[in-house]
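[1] One predicted model, sequence on top.
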Amino acid sequence: MNSAFLSKKGTAAAQKPARVDMDLYFEAMKNRFHAQENPEGAFPMNVAENHLCWEMLKNRIQKVTREKNIPNWVASYGDPSGIPKFKEATANFLSKFLIKEKVNPESLAFSVGATSVIEMTAFLLGDPGDTAVIPAPSYPVYTGDIGVFPSIQRYDLQTHQKMEELNNGIPIHTDQLEQAKRDIEAAGSRFRMLILTSPDNPTGAIYSEQQLRQLADWCISHQIHLVVNEIYGLTPINHRHPEIKDDYPNPIQFVSFGKIMAEYHSPFLHFWYSFSKDFGISGFRVGLLHSLNEDLIKAYRNIGLSHSISNYTQWVLAEVLNDLEFLEQYFSSFQKALTESYLIVSRTLKDLSIPFNPSYGSLFTWMDLSEFLNEKSDLGEEELWLDIYQQTKILLTPTHGFGHQQKGLFRMVITSFDHSDLEIAMGRIKEYVLKKRNG
């Protein structure tokens, strides 16, 4: 590549994909499994998409576009951070279904997807060279979201070494944050943000209300911004289901960070959400920041034009969000379907005695396949990951990029195929494991 063609950042972008599994993902998508048309096809189960109740939501959206006249304001410019009607509809939705506290529409700012919201927030809260601490393992693309344009560094906080340490939730403590702060400052940087995801990607774990309060208190006292990403906030696994309830001996109750924000009313506490996962509409590109920091919301509005969502999308979604009866039906159906997907996967893993983390929510199962590693290294993990894909046509996401030190852990997206197809995928996993064990 001729570096004269591009800037330094442009050259780096051309040479490095956003994530390690993207090339294989595009290959797998071209050969995607179909029970009748392509029964030997691939199962791309590495990208976090939810297709479980799309038909139900699609029918409701089509009802809007058939029966409603497009309002004239859709064709005009509007508030870059979100049209007032959409802010109001979303605030009511969050208040009723997720945060369970009244949300002021003026505390919301929207962008084209979660990636844009993360990027914008990091840009506005941190200076180039600052550091964001993220408990590991965590979403690989946080690195690019906070790094490419905001130039914020990522610090992967090792809260645990082995998967079983997650049995009672994510073991994060303020003494770990104190050590991280010392490490970051010794390296000449500033600990500017702590980013949590609850339910977590990839583990499916959640933070207890007590943990969130302790972390909020610590961050406020050190003037560090705490952001909680609840993009999977309405994807709960029914951990009281008779088949899996014993996997949760000390169950944790999910409490939205928005509730704590409403109580603390601190400029250092923030909340991220997107419609891509709970609603299964990642292609609509709608994400939001909720913050009681008025300066942050004002700054977001002032520079957000290049990240703003189309008015047409905002109009359609506002109509759907205002139909509370439909939302009740949708989330009831989706959460039942999600739990069934989880049961299909967990049954097979238990039958095979493959360790996995009992999930409270999200679209994933986080499993330990380290027994099949030829060596406990990045190379050994990549070899196993490729072997699984080559032998089964199932594409998982390896630990590499999640920032965790343990090798041989893999993330499986459990919502990208319907239940009958998922059964077939797990059958392939079972065949692979038994073949490996039998030599």
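    Right, received. Where do you want to start? Numbering: from 1, shown residues only.

[2] How far off centre is stretch 54-74?
    How far stretch 54-74 lies from its chain's middle: 27 Å, per C-alpha atoms, centre = their mean, to the nearest Å.

[3] got it, and stretch 133-146?
    10 Å.

[4] List the buried residues in that stretch.
    133-146 (16 or more other C-beta atoms under 10 Å). Quick note: C-beta positions are derived from backbone N, CA and C, even for glycine.

[5] Tell me the one of these nearest residue 318?
    residue 145 (26.3 Å; C-beta to C-beta).

[6] pretty sure the closest one is in a helix, no?
    Yes: assignment of residue 145 by DSSP: H, G, I helix; E, B strand; the rest coil places it within a helix.

[7] Isn't it up against residue 119?
    Yes: judged on C-beta atoms under 8 Å, residue 145 makes contact with residue 119 at a distance of 5.2 Å.

[8] As a check, name the ranges of all helices in the stretch 1-150 of the chain.
    8-15, 22-30, 54-67, 84-93, 114-125, 142-147 (DSSP state H, counting those that start in this stretch).

[9] and the longest helix anywhere in the chain with helix 84-93, angle?
    Scanning the chain for the longest helix, with DSSP state H as the assignment, gives helix 324-351. Helix 324-351 and helix 84-93 meet at an angle of 60 degrees, taking axes from the mean of the first three to the mean of the last three C-alpha atoms, to 10 degrees as the criterion.

[10] Tell me the first helix or strand C-terminal of helix 324-351.
    In the C-terminal direction, the helix or strand that comes right after helix 324-351 (DSSP states H and E) is strand 364-368.

[11] Kindly calculate the angle that that next one makes with helix 324-351.
    10 degrees.

[12] The residue nearest to residue 392 when sequence neighbours are not counted: neighbouring residues, count only.
    Nearest residue to residue 392, sequence neighbours excluded (C-beta to C-beta, 6 or more residues apart in numbering): residue 428, at 4.3 Å. Residue 428: 16 surrounding residues under other C-beta atoms under 10 Å.

[13] per-residue confidence averaged over the one helix or strand residue 428 maps to?
    Residue 428 is part of helix 419-437 when elements are defined by DSSP H and E. For helix 419-437, mean pLDDT rounds to 97.

[14] for stretch 121-135, same thing?
    98.

[15] With stretch 376-388 instead?
    93.

[16] Could you tell me which residues within that stretch count as buried?
    For stretch 376-388, by 16+ other C-beta under 10 Å, it's 380-381, 384-385, 388.

[17] Just the CA coordinates for it, please, in PDB.
    What follows is stretch 376-388, C-alpha atoms only, in PDB (Å, rounded to 0.1, in the frame of the first residue of the first chain):
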ATOM      1  CA  LYS A 376      -2.800 -21.800  25.400                       C
ATOM      2  CA  SER A 377      -1.900 -18.800  23.200                       C
ATOM      3  CA  ASP A 378      -3.500 -16.500  20.700                       C
ATOM      4  CA  LEU A 379      -2.200 -18.700  17.900                       C
ATOM      5  CA  GLY A 380      -3.600 -21.800  19.600                       C
ATOM      6  CA  GLU A 381      -7.000 -20.100  20.000                       C
ATOM      7  CA  GLU A 382      -7.100 -19.000  16.400                       C
ATOM      8  CA  GLU A 383      -6.300 -22.500  15.200                       C
ATOM      9  CA  LEU A 384      -9.100 -23.900  17.200                       C
ATOM     10  CA  TRP A 385     -11.500 -21.200  16.000                       C
ATOM     11  CA  LEU A 386     -10.700 -21.800  12.400                       C
ATOM     12  CA  ASP A 387     -10.900 -25.600  12.900                       C
ATOM     13  CA  ILE A 388     -14.400 -25.300  14.300                       C
END
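
[18] List the residues that contact the residue nearest to residue 125 when sequence neighbours are not counted.
    Ranked by C-beta to C-beta, 6+ apart and with sequence neighbours excluded, the top spatial neighbour of residue 125 is residue 225, at 5.1 Å. Residues near residue 225 by C-beta atoms under 8 Å, 6 or more residues apart in numbering: 125-126, 192-194, 219, 268-270.

[19] Quick one: low-confidence residue ranges for this protein.
    Counting by pLDDT under 70, the chain has low-confidence residues at 1-3, 18-19.

[20] Quick check: the gap between the residue lying closest to residue 25 once chain neighbours are set aside and residue 431.
    Of all residues not flanking residue 25 in the chain, residue 44 sits nearest, at 5.4 Å (C-beta to C-beta, 6+ apart). Residue 44 sits 19 Å away from residue 431, going by C-beta to C-beta, to the nearest Å.

[21] just residue 193 next, same as before
    44 Å.

[22] In terms of neighbours, single out the busier of the two.
    Higher neighbour count among residue 193 and residue 431: residue 193, with 25 against 12, using other C-beta under 10 Å.

[23] name the element that one belongs to?
    Using DSSP H and E, residue 193 falls in strand 191-197.

[24] neighbouring contacts of that strand?
    122, 125-127, 130-135, 138-139, 142, 146, 152, 155, 177, 180-181, 184-185, 207, 212, 215, 219, 222, 224-232, 257.

[25] Check which element follows that strand along the chain.
    Next element after strand 191-197 (DSSP H and E): helix 209-221.

[26] Output the strand holding residue 193 as PDB, nothing but the C-alphas.
    Extracted in PDB, the C-alpha atoms of strand 191-197 (Å, rounded to 0.1, in the frame of the first residue of the first chain):
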ATOM      1  CA  PHE A 191      -8.400   7.500  33.900                       C
ATOM      2  CA  ARG A 192     -11.300   9.400  32.400                       C
ATOM      3  CA  MET A 193     -14.100   6.900  31.900                       C
ATOM      4  CA  LEU A 194     -15.300   3.600  33.300                       C
ATOM      5  CA  ILE A 195     -17.500   1.700  30.800                       C
ATOM      6  CA  LEU A 196     -19.800  -1.200  32.000                       C
ATOM      7  CA  THR A 197     -22.200  -3.300  29.900                       C
END
